[in-house]
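Novice: Structure, please.
(chains A, B, C and D)
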2 protein chains.
Amino acid sequence: MQLAVSTVIFALREPDRRSVRTGADTPRHVLSLPLVCRVREPYDGYWALPGGPLRGSEGLADAAARTLEETTGLRPAYLEQLYAFGDLDRSGSPDDHERVVSIVYWALVGQEEAAGARVGQNVRWLAADTLPDLAFDHNLIVDYALWRLRTKVEYSRIAHAFLDETFTLKELREVHELVLGRTLDPANFRRQVEASAAVVPTDSFRTGGRHRPARLYRYDTAIPPVDLGPLARPELAARSDS
Amino acid sequence: MQLAVSTVIFALREPDRRSVRTGADTPRHVLSLPLVCRVREPYDGYWALPGGPLRGSEGLADAAARTLEETTGLRPAYLEQLYAFGDLDRSGSPDDHERVVSIVYWALVGQEEAAGARVGQNVRWLAADTLPDLAFDHNLIVDYALWRLRTKVEYSRIAHAFLDETFTLKELREVHELVLGRTLDPANFRRQVEASAAVVPTDSFRTGGRHRPARLYRYDTAIPPVDLGPLARPELAARSDS
DNA sequence: TAAATAGTGTCTTTAAGACACTATGGA
DNA sequence: TCCATAGTGTCTTAAAGACACTATTTA
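Specialist: Got it, this is the predicted structure:
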């Protein structure tokens, strides 16, 4: 029996230049995740989630953060356990009866951090909504992580993890719109965010557009991004603000 | 490295006869869970969650259902993965550096089923809100399971798992009240349940009280109890109605 | 017929959503 | 000066909660 730890890493990235849509209302960012190309059987040549075996001296979340760092050079702004997969038919090849239990985490990476992502030899970022067939049951795992991300964005503060330290309410709203896949009313969104006390206004403004500058807000770090109940010990790696 | 599967099993049981409160408004049932007394170090003599190592030929949920059956003879009406615990300091004894990763499930058992629970030599049911110090990190695990149960009761249909095939709306409301620890308005509760279409009225009534008989409802099995998104394959063991 | 719970009606409060409106910096 | 977005006001709708009220059975 093998025990592995894998991570579904989400970031908002510049869309591929080869992308067809370059119209006026094309969103500037695409929800993407880094995948690793397998170089041996089973699933030789298929894309797979970054991960690896659990080492003897690290916790589960540590292992997730380590493989995340090894494949992308990034540090996550948010990290949470997703699910433990341990069915017997996961290996794909019916010959192989070696059982693999995968404890999967999911992570969010900020814009600034993601921009400097190291792209290794066998690593590529793919858009989350147009994934090819992945190795093992990794399509199911990504689908589940996407579902968790979408449901959690609506009742928690994890959307901030995609942004830099300060941001306008429009930028925060666009993160929600990108994740949820639908537009949100700017006026109502503003009121909800302000009422939730999740963000704190700063004295700075984002200028440059052909319009009135927008106030910059910052995340109130005193408020935890999600309510994990008794599991409140944060597995969230500290943000690299340096 | 060892991989174990444990289960937090909840049922509503008759309160202990030794219980102090026998006043008029004492609730008839208590949220309880079966625990196993350890007979060796570490934590010799402490109560612990039922569980055991994962066998080579079974899935994770199968292992949870198996240990549940072995310790209590019961079949769960609801079974869901809770969390994977794998920190390095879980063993309790600082000498023992053997790492144990526990994949924990939580289960709900119906009233009829729980009434016939087999009580083994080292098994005892304890009230969930007055637990003693348990072995390992099992207090934290139970706290988290309780938190999940309480939050999930409010937006899903798992409360039905505690009841028999047919039940009155008062009985369903009392389950919610017992789990949530507060009273609910009967009129509003009735409307919410009816609006959710989770239950179907039958033509039978519960008679016997010194009052108007209450209509019996049954759970609409066509509606899944929870929304697990892409993980919708049910891990719920079928209810033993025989 | 009275006790006790089943079940209904309706008012208030709160939050979400739709959408018109004012404010202001920059081309 | 006008465009584009920032930001505000307000109406409608839906849901939750409080609580008075009627209905029906058994002791």
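Novice: name the element A:Tyr144 belongs to?
Specialist: Secondary structure from DSSP states H and E places A:Tyr144 in helix A:138-155.
Novice: Can you point out the buried residues in that helix?
Specialist: By neighbour count on 16 or more other CB atoms under 10 Å in any protein chain shown, the buried set for helix A:138-155 is A:138, A:140-146, A:148-149, A:152-153. For the C-beta atoms, the positions are set from N, CA and C on the backbone; glycine is no exception.
Novice: if you look at the helix or strand that that helix is followed by, does any of it touch DNA strand D?
Specialist: Proceeding N to C from helix A:138-155, the next assigned helix or strand is strand A:166-168, under DSSP H and E. Yes. Strand A:166-168 is in contact with DNA strand D by CB under 7 Å from any atom of the strand, via A:Thr168.
Novice: Which strands or helices does the helix or strand following strand A:166-168 pack on?
Specialist: Counting by DSSP H and E, the element after strand A:166-168 in chain order, helix or strand, is helix A:169-180. The contact analysis (3 or more CB pairs under 8 Å, 6 or more residues apart in numbering or on different chains; DSSP states H and E) places helix A:169-180 against strand A:30-37, helix A:138-155, helix A:186-196, strand A:214-219.
Novice: The same query, at a cut-off of 10 Å, please.
Specialist: strand A:2-13, strand A:30-37, helix A:138-155, strand A:166-168, helix A:186-196, strand A:199-206, strand A:214-219 (3 or more CB pairs under 10 Å, 6 or more residues apart in numbering or on different chains; DSSP states H and E).
Novice: close to DNA strand C, is that helix?
Specialist: No. Helix A:169-180 lies apart from DNA strand C when judged by CB under 7 Å from any atom of the strand; the minimum separation is 10.6 Å.
Novice: Return the distance of that helix from the chain's centre.
Specialist: 14 Å (CA atoms, centre = their mean, to the nearest Å).
Novice: again, but for stretch A:203-220
Specialist: Worked out by CA atoms, centre = their mean, stretch A:203-220 lies 25 Å from the chain centre.
Novice: right, is it up against DNA strand C?
Specialist: Yes. Residues of stretch A:203-220 contacting DNA strand C under CB under 7 Å from any atom of the strand: A:207-213.
Novice: which helices and strands sit right next to the helix or strand of chain A with the lowest mean pLDDT?
Specialist: Ranked by mean pLDDT, DSSP states H and E, the helix or strand of chain A with the weakest confidence is helix A:111-115, at a mean of 83. Contacts defined by 3+ CB pairs under 10 Å, 6+ apart place helix A:111-115 against strand A:2-13.
Novice: close enough to count as contact, A:Ser6 and A:Leu49?
Specialist: Yes. Under the contact definition of CB atoms under 10 Å, A:Ser6 touches A:Leu49, with a separation of 4.3 Å.
Novice: and A:Gly51, what is it in contact with?
Specialist: Each residue near A:Gly51 by CB atoms under 10 Å, 6 or more residues apart in numbering or on different chains is listed here: A:4-8, A:36, A:63-64, A:66-68, A:70-71, A:102-105, A:138.
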